[in-house]
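Visitor: Sequence and predicted structure, then a few things I'm wondering about:
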Amino acid sequence: WMMNDRRWHTRALALLVAGAGWLVAGESRALPFGPETCKIGYVWREACGPNDHVCVPGATRSQAAADNAAAASRRVGNATYGPDACAAGYVWREACGPQDHVCVTRATRTRAARDNAAAAGRFAKKPVLWDVLTQHDDPERTGLQRHEHVLTPANVTPSTFGRLYERGVDGQIIAQPLYVSNQWIPGLGLRNVVYVATRNNTVYAFDADDLDPDPTHGLLWSANVGHASTVPGLQAGQCSESVGPIGVNSTPVIDRANNALYVVARHDDGKIYLHALDITDGHHKAMAPGAQNPMPIQPGALSGVIFDSGLELNRAALLLQDGAVFVAFSALVCDNAGWHGWVLAYRAPDLQPVGEFVTSPNPTSPGAGIWQSGNGLVGDGHNVYFATGNRQGGTPAASALDESFIKLSVGPAPFYGLTPAGHYTVNNREALNGGDTDLGSGGPLLAPGGILIGGGKQGKLYLLDSSGMTPTQFPPVGPSVPGGNDGFQAYVNTWHDDA
């Protein structure tokens, strides 16, 4: 990504278009209707439109069409459930999520849920989707594209691999672009799509296979999620780390099963919002009655600590896990006074808050933010992991978790909840705090075997057993090294001694 002549452009890589796009095309040619072709005896349900590719018996699709045609006659409306309330004997179908308010029998709703659960097993061939739906490819943040088998050192050369085109956007891009293959776009059919979010609060969907060099071409849709503005003090010399509007600062996450993109944006009213957009056209997703989209991020106080959106920034990439979206926060502007580290959880279908955790649960000992240079919260299906940065001066409270790797246990759906499940605080935390040498400047990743790997500005890399959040090498093995040997097992060329 680059800035050229004061105009911001996206840069599409050959890996994205010539690599992933070509592989998708090759996969699709083998099947008559692309990678989601159904097994013999099944057809696409299309209950909620042409992109509903759940495979069902033909009779079920016919029933869905009949239910759609009869929808208006089965609604009676009431004060509790709004104008879509069903007549006696009918319930909302919810085949494609809680916004599906077609009224059907209870047996039909149960059948839809069972069809959803069986969907993956009814494709003629298990789809190989060359998708990048979250920062660094997966919730473990490995950065591994497991399906890639075409690119090699022999064919990735200056003459065969490079920029294919550029696209104009309206602001800075510090979030990772995301990619969805074979995505249905209304009026256009299946497309391979690149999704890009700017700090001006605009989300773009570009056709990855449109090679037209004109920067104004290739746009499928764009959506501005709210006016973005600068932060008071930022432009007046208080801090030079950023300029211009500060809207979307973290990588969004995509739920392909529900065609939803979740993105956090700061608006010009000073508040922060979680948005759920439809990846087919950019509109805000319909929610259940009474739910908000966007959802203002304003958790309740924890241990006397109040979330102040005027002090907090969501920089770490979002995590989608088990039907919930997890969002982390740190200081807004250059360690502005009073910030705290937060992790907040929201139920994906209706954006309802379902979990809160603060890393510095004492109003007099703030800090321990979660920024990770934009790297995302790590998920293993049941827990969330992350690293924290420096404390804001003073003696740490006993409960402070600055300069630490932290593990949170996530409760079961639909109510979730966040519970501390372990942490490891490095033994030179005070030196790191004093030198602004944040451990949390880098985000961890979860390797096979449950090994959590992470490190920060100092250059030390720690390997932790994620089950107990303990170093895999402890007590220390070998001679002492500068800065102390507290279980770290490697260092990179940014090493410097903070004893």
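Guide: Looks like it arrived, so ask away. Numbers count the residues shown, from 1 in each chain.
Visitor: which residues of this structure fall in helices?
Guide: 14, 22-29, 58-69, 106-118, 429-434 (DSSP state H).
Visitor: any idea how far Arg106 is from Gly121?
Guide: 24 Å (CB to CB, to the nearest Å). C-betas here are computed from N, CA, C, even on glycine.
Visitor: Same question for Val54.
Guide: As judged by CB to CB, Val54 and Arg106 stand 19 Å apart.
Visitor: For these two, indicate the residue with more neighbours.
Guide: When Val54 and Arg106 are compared for neighbours, Val54 comes out ahead with 27 against 10, by other CB atoms under 10 Å.
Visitor: With Gly171 as the reference, measure out to His227.
Guide: Distance, His227 to Gly171, using CB to CB: 12 Å.
Visitor: higher neighbour count, the two?
Guide: Neighbours were tallied for His227 and for Gly171 using other CB under 10 Å; the higher tally belongs to Gly171 (18 against 13).
Visitor: Please enumerate the shared neighbours of His227 and Gly171.
Guide: Asn201 (CB atoms under 8 Å, 6 or more residues apart in numbering).
Visitor: residues touching the most centrally placed residue in the chain, list them.
Guide: For the chain, the residue nearest the mean C-alpha position is Val253 (2.8 Å; CA atoms, centre = their mean). Taking CB under 8 Å, 6+ apart, we find Val253 in contact with Leu133, Thr134, Gln135, Leu178, Leu261, Tyr262, Ala317, Leu318, Leu319, Leu320, Val325, Gly376.
Visitor: and the residues you listed as a markdown table, adding neighbour count, pLDDT and distance to Ala71?
Guide: Formatted as a markdown table, these follow (neighbours: other CB atoms under 10 Å; pLDDT from 0 to 100; distance: CB to CB, whole Å):
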| residue | neighbour count | pLDDT | distance to Ala71 |
| --- | --- | --- | --- |
| Leu133 | 20 | 95 | 31 |
| Thr134 | 25 | 96 | 35 |
| Gln135 | 26 | 97 | 39 |
| Leu178 | 23 | 97 | 33 |
| Leu261 | 26 | 98 | 27 |
| Tyr262 | 21 | 98 | 28 |
| Ala317 | 25 | 98 | 38 |
| Leu318 | 25 | 98 | 34 |
| Leu319 | 25 | 98 | 36 |
| Leu320 | 22 | 97 | 30 |
| Val325 | 25 | 97 | 30 |
| Gly376 | 28 | 97 | 39 |
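Visitor: Out of the residues you listed, which sit inside strands?
Guide: Among the contacts of Val253, the members falling in strands are Leu178, Leu261, Tyr262, Leu319, Leu320, Val325 (criterion: DSSP state E).
Visitor: Closest one of the residues you listed to Leu432?
Guide: Leu319 (25.0 Å; CB to CB).
Visitor: Quick check: the closest one touching Thr134?
Guide: Yes. Between Leu319 and Thr134 there is a contact at 7.3 Å, judged by CB atoms under 8 Å.
Visitor: rewinding a little: any chance of TSV for the contacts of Val253, columns distance to Thr142?
Guide: As requested, the contacts of Val253 are exported to TSV (distance: CB to CB, whole Å):
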residue	distance to Thr142
Leu133	14
Thr134	11
Gln135	11
Leu178	16
Leu261	22
Tyr262	21
Ala317	14
Leu318	17
Leu319	14
Leu320	16
Val325	20
Gly376	11
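Visitor: ok so, going back, which residues are in contact with each of Leu319 and Thr134?
Guide: Counting by CB under 8 Å, 6+ apart, the residues touching both Leu319 and Thr134 are Val253, Gly376.
Visitor: Let me see the contact set for Thr230.
Guide: Val243, Gly244, Pro245, Ile246.
Visitor: Can you flag the buried ones in these?
Guide: Gly244, Pro245, Ile246 (16 or more other CB atoms under 10 Å).
Visitor: ok, now how distant is the first one from Val196?
Guide: Look at Gly244 and Val196: by CB to CB, they are 16 Å apart.
Visitor: ok, now Ser222?
Guide: In terms of CB to CB, Ser222 sits 9 Å off from Val196.
Visitor: Comparing these two, which residue is more hemmed in?
Guide: Taking other CB under 10 Å, Ser222 and Val196 do not tie; Val196 has more neighbours (22 against 15).
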